[in-house]
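# Need the 3D shape of this:
(2 chains)
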Protein chains: 2
Amino acid sequence: MASIKDVAQKAGVGVGTVSRVLNNSGYVSDETREKIEEAMKNLQYTPNELARNLYHKKSGIIAVLVPTVEIPFFAELVHNIEAELYNEGFKIMLCNTDKAHNAELEYLDMLNRHIVDGVITGVHSLDVEEYKKIKKPIVAFDRYLGEDIPVVAVDHKEGGRLAAEILLKNGCKKIVHFRGSTAVESPYHERHFEFARIMKEQGVECFDYELAWNKFDLEYYKYAVKDLFDRLDEWEFDGIFGTDLVAIECMNEVIRRHKKVPKDVKCVAYDGTYITQIVEPSVTSIVQPIKELAKEAARLICELVNGKTYKNEKVTLGVSVRKGRTTME
Amino acid sequence: MASIKDVAQKAGVGVGTVSRVLNNSGYVSDETREKIEEAMKNLQYTPNELARNLYHKKSGIIAVLVPTVEIPFFAELVHNIEAELYNEGFKIMLCNTDKAHNAELEYLDMLNRHIVDGVITGVHSLDVEEYKKIKKPIVAFDRYLGEDIPVVAVDHKEGGRLAAEILLKNGCKKIVHFRGSTAVESPYHERHFEFARIMKEQGVECFDYELAWNKFDLEYYKYAVKDLFDRLDEWEFDGIFGTDLVAIECMNEVIRRHKKVPKDVKCVAYDGTYITQIVEPSVTSIVQPIKELAKEAARLICELVNGKTYKNEKVTLGVSVRKGRTTME
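Sure thing, here's the model as predicted:
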């Protein structure tokens, strides 16, 4: 493997000059920079990012907190965050917070102890007050944690509006609406507010089912759908709106009860991960651009680690519709 | 939060004695140990594992290498490994090796640089020779990496046999058999050998489709199934055997081509993750006990980190059958 010395020799400069280019510090002329970059390319030189980070008094580790990677949404998010940060010279420490212990606090404490350089948190278990106390690089995913902590989220209001429009266009009159837990302050509620607002305006009846906080496994969703049908009693519905897994489970129960999708019941899923495309019929979805969300979260945490600060920063990305076969229009 | 001092005070002993209990070093009488454990319980004392690890000249970090957590099998494995190791005072560094860079080597190098204490690897990209050079704690998941590196895997031969038996009992005569890439030496090939052996013995025709190495995404599986149908030409099949996602994609294509499952075509999936239960019909599966596999991998890496050594250690767990609605018998 090529070393920094080999690069310097090939480019005809000193090791210090190569180091300045690598660390982006001090003056290097454009011409010299190009020569060095050319030499690196030719020699397939990969800088030892961890050694560089050590030199900069950084651990080179970002903690990523999600409820669980068993949920496809978080799996895809973590996968992409890891890839983005890897390119920036960071490794990730992964924590699934659905365990019994309150691991969230422990990871925040690691920030203070310089074990990790930053935290990207997509979880909803701690009081916001705990976060406000910490003056370290933190990026929040889909959650408000105070004015110093940038937030990355999609335009959930637009997502709620798009879902409502599709179900209205399909002539739905009675809709089951699975809602996230209201126990936490999150941008994601906006999709529920907007969806409910439009439906009320249009005189469409909705049965709201609030899902439990921090429960994401198939077992729980099976339970929730069973519980829903018990509660509905004789109330028959012709539309479903919920996140991927619960929407799919509800749709499957409808099919098991000998109704036809989309003829009798339409379904729109929120998130649009790959599981909406492996079921038959494939589910019409409001798609979150997970790769881009990961990119933004990675970009923000790198900037914070490099000393940038933010006030009330919110990065909002758009959602899109992917037509499946659970709706007709 | 209670400190080690609070525990010592409550138990009526010195801090050094509590430390000896925590670190399991030096003599402490059973009576005193009980008093200390009682005090810890009462005060809800959680030892600072990272500080303890530092004292023991360990980083407290285990690297976990998988192709990608986007695959439900690896998501569940990583989730459970993380939970198990968390209980043992370790954090995990996650690496998805399906990226362009050869990250596997970089993580192995971190072992030598004491950035991580151990590596659990479930990936298949490096030469075995690279592993043989490293005399550090490594546990292999479903792969042979040399006599010093313990292997955790299920009894794949038994898995192959069970799958074959189900399809035979269902009267299948022409079967599509998706095989893992033969580019690596892995225990998982045993299921293919056994499946093929039994089918040949029983005079059942198999069409073997070898999947590409290190490709696991839905896009690839969609391509593979399309490619399969092109290659089959007029050859009609009545049975499918493959890992969850490719088996599901193949089944869906069969349904889209207006055949009935299980009437015309039977399907058996290997792994049996939750996605086999969210599709209709639910897929009959050979189930790997992922939670137990994670537990064993975590146990072995902890033992290696604590100085234990192994020669030709292989931990083999059993598989089970979960009957779905893609087979009749």
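
# list the contacts for residue A:163?
Residue A:163 sits next to A:191, A:195, A:241, A:268, A:270, A:286 when contact means C-beta atoms under 8 Å, 6 or more residues apart in numbering or on different chains. C-beta: built from backbone N, CA, C; applies to glycine.

# give me that answer again for 6 Å
Taking C-beta atoms under 6 Å, 6 or more residues apart in numbering or on different chains, we find residue A:163 in contact with A:195, A:241, A:268, A:286.

# again, but for residue A:283
So residue A:283 contacts A:267, A:269, A:276, A:324, A:326 (C-beta under 6 Å, 6+ apart).

# what bridges to the second one?
Here residue A:269 sits in beta bridges with residue A:242, residue A:285, going by DSSP bridges.

# Hmm, it is touching residue A:244, no?
Yes: the pair residue A:269 and residue A:244 qualifies as a contact (C-beta atoms under 6 Å) at a distance of 4.7 Å.

# related to what we said a few turns ago, wait, which of the contacts of residue A:163 is closest to chain B?
Taking C-beta to the nearest C-beta as the measure, residue A:268 is the one of those closest to chain B, at 16.8 Å.

# For the nearest residue to that closest one once chain neighbours are set aside, pull up the helix or strand it's in.
Excluding its sequence neighbours, the residue lying closest to residue A:268 (C-beta to C-beta, 6 or more residues apart in numbering or on different chains) is residue A:163, at 4.8 Å. Assessed by DSSP states H and E, residue A:163 sits inside helix A:156-169.

# any idea which helix or strand comes after that helix?
strand A:174-179.

# Any idea how far that following strand is from the middle of the chain?
Mean-position distance between strand A:174-179 and its chain equals 23 Å (C-alpha atoms, centre = their mean, to the nearest Å).

# Tell me what angle it forms with helix A:156-169.
Per axes from the mean of the first three to the mean of the last three C-alpha atoms, to 10 degrees, the angle that strand A:174-179 makes with helix A:156-169 is 160 degrees.

# Show me which residues of the stretch 151-300 of chain A sit near chain B.
A:218, A:248, A:252, A:255, A:274, A:278, A:279, A:280 (C-beta under 6 Å from any C-beta of the partner chain).

# can those go into TSV with extra columns for neighbour count and distance to residue B:290?
Below are these laid out as TSV (neighbours: other C-beta atoms under 10 Å in any protein chain shown; distance: C-beta to C-beta, whole Å):
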residue	neighbour count	distance to residue B:290
A:218	18	14
A:248	26	21
A:252	20	23
A:255	18	28
A:274	18	19
A:278	22	19
A:279	25	22
A:280	19	26
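
# Can you tell me which of those residues comes closest to residue B:153?
Of all these, residue B:153 sits closest to residue A:218, with 24.9 Å by C-beta to C-beta.

# Setting aside sequence neighbours, what's the nearest residue to that closest one?
For residue A:218, the spatially nearest residue (C-beta to C-beta, 6+ apart) is residue B:274, at 4.6 Å.

# pretty sure the one you found is touching residue A:217, no?
No: shown here, residue B:274 and residue A:217 do not form a contact pair, counting by C-beta under 6 Å, at 7.9 Å.
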